[in-house]
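Undergrad: got a predicted structure here, sequence first:
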Amino acid sequence: MMPSLAVDVPAVIALMLALVACGTLGNFLVLRKEAMTADAIAHAVLPGLVAGFLVSGSRSITAMFVGAACAGVISILLSNWSRRATQLEPGATLGIVFTGLFALGVILLETQGARQVDLDAECVLFGSLETLFYVPASDASWYEGVPRAIWTLAVIAFLTSSFAVLFMKELALLAFDPNAARHLGVAPRWLERAFLVLVSASIVASFEAVGSVLVIGILACPALIAAPHARTVAGQITLSLLLGLALSILGYSLAAFAPRLFHTPSALNSAGMIALVLALAVPLSHALHRRRQRKSNAI
């Protein structure tokens, strides 16, 4: 395999799978007007991830998920207690609790994670797309050279996409009118809990490859980009994944060719550049939609 393919193809595949895993469910978070919930979850699971690393001594996906789940439960309990104790609005308590937990996670990384486990703050924040190499073992066992993060993301992407397809109508009704969905029994509470569990699992699986910065970006930005231009939930999901993939590849390319394009001394961090491209595309998409509406009204 050519060196450039061995470097770029695994990174692009991991990016695509993370986009499917997080971006699919991110559409329902946007429809529920809970896009910031994704941000909150991504911040809250960090200390749980570090705790899982420290306890297991490895990047075990089981330890990662258990630690993240425990951190998620603790964050919800702290948020509810803080809201009752301070009488602040839910958004304010979420900001306080999740910011504090994220800061705790960074402190644990700096003081414990890098020393005991092959983990550091930069890896968690910006991921490791540049280090996902394909290392062929032999012609008969090509799959042994595929990075573990890709296998993990493939499983989570399959689960999230299957879940979205099977429960598309229920999740859509839960997003637009949750009270009616629960009252009619169309979207029971177990479905909402399963949804949040899969959101957390997608975040955990994506952390190692793309980092927390890009996880937050692909959870919300593709859906926000596609929302003004879609007429159905399925159409929004499809459009968000297509646009998200195109913009992500654009961001990856800009980071890789930064020395030639921007005269930087070296290539830029791909996760950060992709997140920037996705973020800039959100207001641009909405501006184009408003312009199209003005033209339509003027006719």
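TA: Great, that's in hand. Numbers count the residues shown, from 1 in each chain.

Undergrad: number of residues surrounding the closest residue to residue 96 other than its chain neighbours?
TA: Closest residue to residue 96 apart from its sequence neighbours, by CB to CB, 6 or more residues apart in numbering: residue 82 at 6.3 Å. In short, each C-beta sits where N, CA and C put it, glycine included. When neighbours are defined as other CB atoms under 10 Å, residue 82 has 18 of them.

Undergrad: so, low pLDDT: which residues of the stretch 101-250 of the chain?
TA: 112-128, 130, 133-145, 182, 187 (pLDDT under 70).

Undergrad: ok, which stretches of the stretch 51-200 of the chain are helices?
TA: Ranges of helices within the stretch 51-200 of the chain are 61-86, 90-108, 114-116, 121-126, 148-166, 168-176, 178-184, 189-226, based on DSSP state H, counting those that start in this stretch.

Undergrad: most tightly surrounded among those?
TA: helix 189-226 (a mean of 23; mean count of other CB atoms under 10 Å).

Undergrad: following that helix, which helix or strand shows up next?
TA: Where DSSP states H and E defines the elements, the next helix or strand beyond helix 189-226 is helix 233-256.

Undergrad: distance between that following helix and the chain's centre?
TA: 13 Å (CA atoms, centre = their mean, to the nearest Å).

Undergrad: cool, and stretch 230-247?
TA: Computed by CA atoms, centre = their mean, the chain-centroid distance of stretch 230-247 equals 16 Å.

Undergrad: got the CA positions of it in PDB?
TA: What follows is stretch 230-247, C-alpha atoms only, in PDB (Å, rounded to 0.1, in the frame of the first residue of the first chain):
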ATOM      1  CA  ALA A 230     -34.400  19.800   4.500                       C
ATOM      2  CA  ARG A 231     -38.100  19.100   4.500                       C
ATOM      3  CA  THR A 232     -38.100  15.700   6.200                       C
ATOM      4  CA  VAL A 233     -36.200  14.200   9.100                       C
ATOM      5  CA  ALA A 234     -34.700  11.500   6.900                       C
ATOM      6  CA  GLY A 235     -33.800  14.100   4.400                       C
ATOM      7  CA  GLN A 236     -32.100  16.200   7.000                       C
ATOM      8  CA  ILE A 237     -30.100  13.300   8.300                       C
ATOM      9  CA  THR A 238     -29.000  12.300   4.800                       C
ATOM     10  CA  LEU A 239     -28.100  15.800   3.800                       C
ATOM     11  CA  SER A 240     -26.200  16.500   7.100                       C
ATOM     12  CA  LEU A 241     -24.100  13.400   6.600                       C
ATOM     13  CA  LEU A 242     -23.200  14.200   3.000                       C
ATOM     14  CA  LEU A 243     -22.400  17.800   3.700                       C
ATOM     15  CA  GLY A 244     -20.600  16.900   6.900                       C
ATOM     16  CA  LEU A 245     -18.400  14.400   5.100                       C
ATOM     17  CA  ALA A 246     -17.600  16.900   2.300                       C
ATOM     18  CA  LEU A 247     -16.700  19.700   4.700                       C
END
